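A.B. asks: Requesting a structural model of the entry that follows:
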Amino acid sequence: MNSVIKSTSYILAHTPEMVLYNGTTQTTERKVNPDSDYLKELPRHLRSYQEAVAYYPNQVYIGNVTTEELSQIDFPWFDKRFDGAKRFGPFGEIMPNDEFLLLLQIVDEFDLVKLERDFVAKVKPAFAENPVMPAELLERIKEGVEASEIYDLVEGEEAEALYYANELVGCVKRAHNIDVNLSAHVLHENLTAKASGVLAVLHALRNGDVAANEIEYLIECSETAIGDQNQRGGGNIAKSIAEIAGLSNATGSDIRGFCAAPAHAILEAAALVKSGIFSCVAVAAGGCTAKLGMNGKDHVKKNVPILEDVIGGFCVIIGENDGVNPELVTDYIGRHRVGTGSSPQAVISALVAEPLEKAGLTILDVDKFSTEMQNPDVTRPAGAGNVPEANYKMIAALAVMRGELERSQMKEFVEKHGVTGFAPTQGHIPSGVPYMGFARLGLLAGDLRRVMIVGKGSLFLGRLTNLFDGVSFLIEPNQGKTKSPDLSTDKDEIRRLIAVAMREFADNLLLKAEPEKS
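C.D. replies: Numbering: from 1, shown residues only. So this is what the prediction gives:
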């Protein structure tokens, strides 16, 4: 039986100060050209929390606005405000920076995160009102330290500074004097991925009414690697997230594959459940500080706000077939093989056309394709165009080549079968999976018949191969077939029957071994 999607969650944390001090574009610029006009101009392009919450794509990400509604809003979107914006949505929330810093302290197991005492006292009451926060997490909040201690750690011990409202309110200490993998900057990145992953898991449990102890395995699929100088990417973020999120019955591991990792992780989770190894598996990913303000130079140059000012996270919970939730169809999987090649036509053929052909379906039989859900508000000013739209045009062109679509119908195909890009630029997160929340609801409601999730990755970024990567899978309505009931008899009766059978087998062997009587 196919496994099913029991729950999804999507969360954001607004972290404008991390743009300034932790995003790779900015940290590199500060090293190479510390007096650059860009760094001087950048702070004037940062958004307030209220502006980030009211931003249409962010509201789509947490489920308060649909992708169809977003497509009707005049582009660009950064200069428009959604009047009905809320912090919480059907999928998750947009957490303010001060509360996220407190969450960093909560997930810290080695007393590396230091927050100023007055800051903790001020933020704690609002944080405690979050409906997804269990009492166990609130009990982990430390009182905080004096501001002078934080200042000394930052100035003299190479601690990574934590800012809120342009004030130093905390720091992340280094865990080793010479190991760069345990430097304060890297640990801050790792703790941020962990904290946002925890938040995503908590929302997924709540959204699907899933008990924490139901989760037996957690797969983490962000772009962050953890380890020390002897094992640079050893892991395991998954187990660390499970511990804080209260998944006491779970084990887990990490999957890495650049932007394609989430799609790989979903497939592996579906296989683990379908095979019966585990009954319930969660796939989660925290955010990536390195990607904050990644296209900032182009945005400042074109007088666009810094839209890459949020840490993103997501979680998908996959369980045994319950006869209700949408099924992950693993019989027909698209995959970019080593020998596929890197041309756009070859990639799309491998990920879209081939699995559909195996299933006896045409491209038009898929209601919605979710490819790279990059927000064009971010990518267009940087010269990358509208990435999702470009993918859908390639899929439409492939349908024309296969005789499934007239050339004159390509524009209509893109509008009908495509999904407007809305995901934050967090590398791994935009590729395919952000639409799974909407897909699940649409399939449950009967508004959709079939959705294809397409994850793609750029492996050449690691300088070990020039290959691309990608996998795809279909999601369909539940066929109403649940896992077969356990028809076995009592365990003691089974043991008795086995013992009888073994005795009979042994007796037969002895009879054959006796010499024939004369």
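A.B. asks: can you give me the strands in the stretch 101-250 of the chain?
C.D. replies: 113-115, 160-164, 167-172, 217-220 (DSSP state E, counting those that start in this stretch).
A.B. asks: Ok, which of those comes nearest residue 200?
C.D. replies: strand 217-220 (10.2 Å; Cβ to Cβ). Just so you know, the C-beta spots here come from the backbone N, C-alpha and C atoms, and that holds for glycine as well.
A.B. asks: any chance of the strands of the stretch 101-250 of the chain in JSON lines, plus distance to residue 415?
C.D. replies: Formatted as JSON lines, the strands of the stretch 101-250 of the chain follow (distance: least, Cβ to Cβ, whole Å):
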{"stretch": "strand 113-115", "distance to residue 415": "47"}
{"stretch": "strand 160-164", "distance to residue 415": "42"}
{"stretch": "strand 167-172", "distance to residue 415": "46"}
{"stretch": "strand 217-220", "distance to residue 415": "34"}
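A.B. asks: Of all these, which one comes closest to residue 142?
C.D. replies: Evaluated over these, closeness to residue 142 peaks at strand 113-115, with 7.5 Å, by Cβ to Cβ.
A.B. asks: and that closest one, what's its mean pLDDT?
C.D. replies: Mean pLDDT, strand 113-115: 98.
A.B. asks: and that strand, what other elements does it pack with?
C.D. replies: Packing partners of strand 113-115 (3 or more Cβ pairs under 8 Å, 6 or more residues apart in numbering; DSSP states H and E): helix 97-107, helix 147-156, strand 167-172.
A.B. asks: again, only using 6 Å
C.D. replies: Applying 3 or more Cβ pairs under 6 Å, 6 or more residues apart in numbering; DSSP states H and E, one finds that strand 113-115 contacts helix 97-107, strand 167-172.
A.B. asks: Report the distance from the longest one to the chain centre.
C.D. replies: Using Cα atoms, centre = their mean, to the nearest Å, the mean C-alpha position of helix 97-107 is found 19 Å from that of the whole chain.
A.B. asks: next one: stretch 369-376
C.D. replies: 14 Å.
A.B. asks: tell me the secondary structure for residue 323?
C.D. replies: The local conformation at residue 323, judged by DSSP: H, G, I helix; E, B strand; the rest coil, is coil.
A.B. asks: What is the burial count for it?
C.D. replies: Residues near residue 323, counting by other Cβ atoms under 10 Å, number 13.
A.B. asks: do you know how far it is from residue 316?
C.D. replies: Separation of residue 323 from residue 316 (Cβ to Cβ, to the nearest Å) stands at 19 Å.
A.B. asks: same check, this time on residue 259
C.D. replies: Residue 259 sits 16 Å away from residue 316, going by Cβ to Cβ.
A.B. asks: Out of these two, name the residue with the larger neighbour count.
C.D. replies: Between residue 259 and residue 316, counting by other Cβ under 10 Å, residue 316 is the more crowded of the two (29 against 25).
A.B. asks: what pLDDT does the more buried one get?
C.D. replies: At residue 316, the predicted lDDT confidence score is 98.
A.B. asks: Which strands or helices does the host helix or strand of residue 252 pack on?
C.D. replies: Assessed by DSSP states H and E, residue 252 sits inside strand 251-254. Judged by 3+ Cβ pairs under 6 Å, 6+ apart, the packing partners of strand 251-254 are strand 217-220, helix 237-245.
A.B. asks: Quick one, which of these gets closest to residue 426.
C.D. replies: strand 217-220 (14.0 Å).
A.B. asks: Show me where the stretch 251-400 of the chain has its strands.
C.D. replies: So, for the stretch 251-400 of the chain - with DSSP E, counting those that start in this stretch - the strands run 251-254, 280-285, 310-319, 327-335, 368-370.
A.B. asks: separation between the spatially closest residue to residue 458 that is not a sequence neighbour and residue 348?
C.D. replies: Spatially, and ignoring its direct neighbours in sequence, residue 458 is nearest to residue 258 (5.8 Å; Cβ to Cβ, 6 or more residues apart in numbering). Separation of residue 258 from residue 348 (Cβ to Cβ) stands at 18 Å.
A.B. asks: before we move on, what about residue 39?
C.D. replies: Computed as Cβ to Cβ, the residue 39 to residue 348 distance reads 40 Å.
A.B. asks: So these two - more neighbours on which side?
C.D. replies: residue 348 (24 against 16).
A.B. asks: What sits closest to that one if chain neighbours are left out?
C.D. replies: In space, residue 348 comes closest to residue 394 once its chain neighbours are excluded; the distance is 4.9 Å by Cβ to Cβ, 6+ apart.
A.B. asks: again with residue 263
C.D. replies: That would be residue 455: by Cβ to Cβ, 6+ apart, it lies 2.5 Å from residue 263.
A.B. asks: hmm, back to that, quick one: which of the strands of the stretch 101-250 of the chain is nearest residue 404?
C.D. replies: Between residue 404 and these, the shortest gap by Cβ to Cβ is with strand 217-220, which sits at 34.9 Å.
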